[in-house]
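**Student:** Below are the sequence and a predicted model for it; my questions follow.
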Amino acid sequence: MISAVYPGTFDPITYGHLDVIERAAQRLGHLIVLCTRNPSKQPLFDEAERVELIRASTAHLPSVDVDTFDGLLVDWCNARGVKVAVKGLRAVSDFEYELQMAQMNSHIGGVETLFMTTRPVYSFLSSSLVKEVARYGGDVSDLVPPPVDQRLAHTFG
């Protein structure tokens, strides 16, 4: 059984993320969703809330675990013997950045990256867009799992 990691900020987790998680877990066996801190982002939800939402959204997937980390992905992976990272791609613009990151992770830590394209129905979806729509009272219930929809409704009232 291959163990792989799916890193991201997940602020919040969306159906696009969940789609990649479900398909990766089905194909790889064991997937760790790694909720990371990104110093260039100001998250709406703190780390504990994001982890709670990821766990609630992936509870139906017995081969998925959730962890957190602040630092280089390769350090987390090498400390746990994980040699595969999964990244979702929505568009060509994602690929350019993710390819550079994949090559760096391979170069400095021996971690290989598997790219999974998102299903076309989710290709426009981003956590930032979900937060913006929810902030202005828009309906995001078809974009995020129910626990996230409820938390966004509570947060933005």
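**Tutor:** Sure thing, it's come through.
**Student:** What is the subsequent helix or strand relative to whichever helix in the chain runs longest?
**Tutor:** With secondary structure taken from DSSP state H, the chain has its longest helix at helix 92-109. Per DSSP states H and E, the first helix or strand lying C-terminal to helix 92-109 is strand 112-117.
**Student:** tell me what that following strand is packed against?
**Tutor:** On a contact count with 3 or more C-beta pairs under 8 Å, 6 or more residues apart in numbering; DSSP states H and E, strand 112-117 meets helix 15-28, strand 84-89, helix 92-109. Every residue, glycine included, has its C-beta placed from N, CA and C.
**Student:** on that earlier part again, return the set of buried residues in the longest helix of the chain.
**Tutor:** Using 16 or more other C-beta atoms under 10 Å as the test for burial, helix 92-109 gives Asp94, Glu98, Ala102, Asn105, Gly109.
**Student:** For Ile21, see how far away the second one is.
**Tutor:** In this view, Glu98 and Ile21 are 16 Å apart by C-beta to C-beta, to the nearest Å.
**Student:** Over to the fourth one?
**Tutor:** Distance, Asn105 to Ile21, using C-beta to C-beta: 19 Å.
**Student:** Next, format the buried residues of helix 92-109 as CSV and append pLDDT and distance to Val51.
**Tutor:** Formatted as CSV, the buried residues of helix 92-109 follow (pLDDT from 0 to 100; distance: C-beta to C-beta, whole Å):
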residue, pLDDT, distance to Val51
Asp94, 86, 24
Glu98, 94, 23
Ala102, 97, 25
Asn105, 97, 23
Gly109, 96, 24
